[in-house]
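Visitor: fold the following, please.
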Amino acid sequence: MDEEQATTDSTTNKSISESDLRTKKAYLFKTSVLERLREQRNSREFCDLVLCAENETFNVHKCVLVASSDYFEAMISRSGMQEATADTIELKDITANGLRAVLDFIYTGELSLSIENIAEVLRAVTHLQVNHAIKLCEDFLIEETTVDNCIDVLSLADLFSIPVLEKINKFVLRNFPKVALNEGFKRLTYEQILYLIRSNEFRLYPEIKVFDLCVEWLKSDEKHRMVHANALMEHVRFQTMKPEEFNDLVMSHEFMKTDPDCIRFSFEAFSYFSLPNRQYCSTSPRSKIRNEASLVCVNESMYILNKHDDVWEYMCNSLATWRTLSQKFVVVNNFLYACGGYSENNRETTNACYRFDPRTGLWSEIARLCEKRQFFSLAG
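Guide: Here you go, the predicted structure:
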């Protein structure tokens, strides 16, 4: 009985003691420890490993590397690897400057970056798998991307397969008219330029400029790049050009008349231009407008919603819908149709039908409804 009472009293006292504990933090302690560890790197006395890169040596602590880098954790913690017991490890795939930047980060939490050194730092942090440093590099690339350097940044993001690749691609898509001015686009890889011209978000108008861009890219290294001509032309939207542009500017290039696939694209475009009354039923990828889905307001004038600035922008007058009420609208294959309704002036019901072509920005009258209608529905 006395033993049970003693145990109970001990537990009670322990609980009371723990409840009275207050945690106090020394906020500079971790920083101070890192600073002392960094100072120790000036000699071998407290360091147990030497890293070598480009004939430069760096004194380090194994425990610090293992705690900071997935690469070193796998290398040093596996007893079967030669490096696990080595006093010196040579790193052949990174530069001395890159390794120095990574080690400075590991021991200070600070990473010094510039456009000039980002490539070798990225190579080092991705090779050594220092994930927190990789995130800092990604943030730096996004912050420093401009129309002048975005092609180089895109190549870096692509080379090291870092998550910001999609964001950099979006930047290039939105700003390509300015990017193309310095001809940096000629350094794009085939995969990169293909990604751009396939996208509906590619901001290069009119479409003849997309074709000219592809031709310039192909001819900048004609020996190696002309094999990609048909693959690129597959994504140029010839049917959205003016017929005169296609005939005079596109067909003046020999590959459009000799490559079997390009000949097919040419025939398809000529058929489209020669049969305007059948354009509405064309389903070719080369007849689709290069744009995101847009919201259009139609009255006596037409307005389009600018999603970026959240404002309505004027497009053009709409004579087809002038003084006509209760018209019904539908979109089919990127053509906008306005049908039926009644006159605001005399209230007379109409069977008129109109089609708006966003490629030209013009309305045209098409075959009328069989009956005059104002209360009905349209579906695409």
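
Visitor: can you give me the strands for the protein?
Guide: Taking DSSP state E as the test, the strands found in the chain are 49-53, 56-60, 88-90, 296-298, 301-306, 311-317, 324-325, 328-332, 335-339, 342-343, 353-357, 362-366.

Visitor: residue 299: neighbouring residues, count only.
Guide: A count of neighbours around residue 299, defined by other Cβ atoms under 10 Å, yields 10. For every residue, glycine as well, the C-beta is placed using N, CA and C.

Visitor: residue 214 now?
Guide: Per other Cβ under 10 Å, the neighbour tally for residue 214 reads 22.

Visitor: can you give me the domain assignment for the chain?
Guide: For the chain, the structural domains run 29-144, 164-292, 296-366, going by automatic domain parsing.

Visitor: start to end distance for the last one?
Guide: According to Cα to Cα, to the nearest Å, domain 296-366 extends 21 Å from its N-terminal end residue to its C-terminal end residue.

Visitor: thinking again about what came up before, would CSV of the strands of the chain with mean pLDDT be doable?
Guide: Output for the strands of the chain, formatted as CSV (pLDDT from 0 to 100):
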stretch, mean pLDDT
strand 49-53, 93
strand 56-60, 93
strand 88-90, 91
strand 296-298, 80
strand 301-306, 81
strand 311-317, 81
strand 324-325, 84
strand 328-332, 86
strand 335-339, 87
strand 342-343, 88
strand 353-357, 86
strand 362-366, 85
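
Visitor: could I get the ones you listed in CSV, plus columns for distance to residue 231 and mean neighbour count?
Guide: Compiled in CSV, these are given as follows (distance: least, Cβ to Cβ, whole Å; neighbours: other Cβ atoms under 10 Å):
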stretch, distance to residue 231, mean neighbour count
strand 49-53, 41, 19
strand 56-60, 45, 16
strand 88-90, 43, 14
strand 296-298, 33, 14
strand 301-306, 32, 16
strand 311-317, 34, 12
strand 324-325, 46, 16
strand 328-332, 30, 15
strand 335-339, 29, 20
strand 342-343, 52, 16
strand 353-357, 29, 20
strand 362-366, 33, 14
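
Visitor: out of those strands, nearest to residue 112?
Guide: With Cβ to Cβ as the criterion, residue 112 lies closest to strand 56-60 of these, at 15.9 Å.

Visitor: export the closest one to CSV, keeping only CA atoms.
Guide: What follows is strand 56-60 as a C-alpha-only set of coordinates in CSV (Å, rounded to 0.1, in the frame of the first residue of the first chain):
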residue,chain,number,x,y,z
GLU,A,56,40.3,23.9,-55.3
THR,A,57,39.7,22.3,-51.9
PHE,A,58,37.1,23.1,-49.3
ASN,A,59,37.1,21.9,-45.7
VAL,A,60,33.7,20.8,-44.5
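
Visitor: same list, the domains of the chain, but as TSV with distance to residue 153 please.
Guide: Listed next are these as TSV, based on distance: least, Cβ to Cβ, whole Å:
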stretch	distance to residue 153
domain 29-144	5
domain 164-292	6
domain 296-366	22
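
Visitor: quick one: closest of those to residue 380.
Guide: Per Cβ to Cβ, nearest to residue 380 of the domains of the chain: domain 296-366, 4.6 Å.

Visitor: and that closest one, how far from the chain's centre?
Guide: Domain 296-366 sits 34 Å away from the centroid of its parent chain (Cα atoms, centre = their mean, to the nearest Å).

Visitor: quick revisit: compare the domains of the chain and say which comes out lowest on pLDDT.
Guide: Among the domains of the chain, domain 296-366 has the lowest mean pLDDT, at a mean of 83.

Visitor: so for residue 377, which of the domains of the chain sits nearest?
Guide: With Cβ to Cβ as the criterion, residue 377 lies closest to domain 296-366 of the domains of the chain, at 6.6 Å.

Visitor: contacting residues around residue 360?
Guide: Applying Cβ atoms under 8 Å, 6 or more residues apart in numbering, we find residue 360 in contact with no residue.

Visitor: recalculate using a threshold of 10 Å.
Guide: 240, 242 (Cβ atoms under 10 Å, 6 or more residues apart in numbering).

Visitor: same question for the one 4 residues further on.
Guide: Residues near residue 364 by Cβ under 10 Å, 6+ apart: 276-277, 320, 335, 353-357.

Visitor: now those residues as TSV including distance to residue 101?
Guide: Shown next, in TSV, are the contacts of residue 364 (distance: Cβ to Cβ, whole Å):
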residue	distance to residue 101
276	62
277	65
320	63
335	56
353	67
354	64
355	61
356	57
357	56
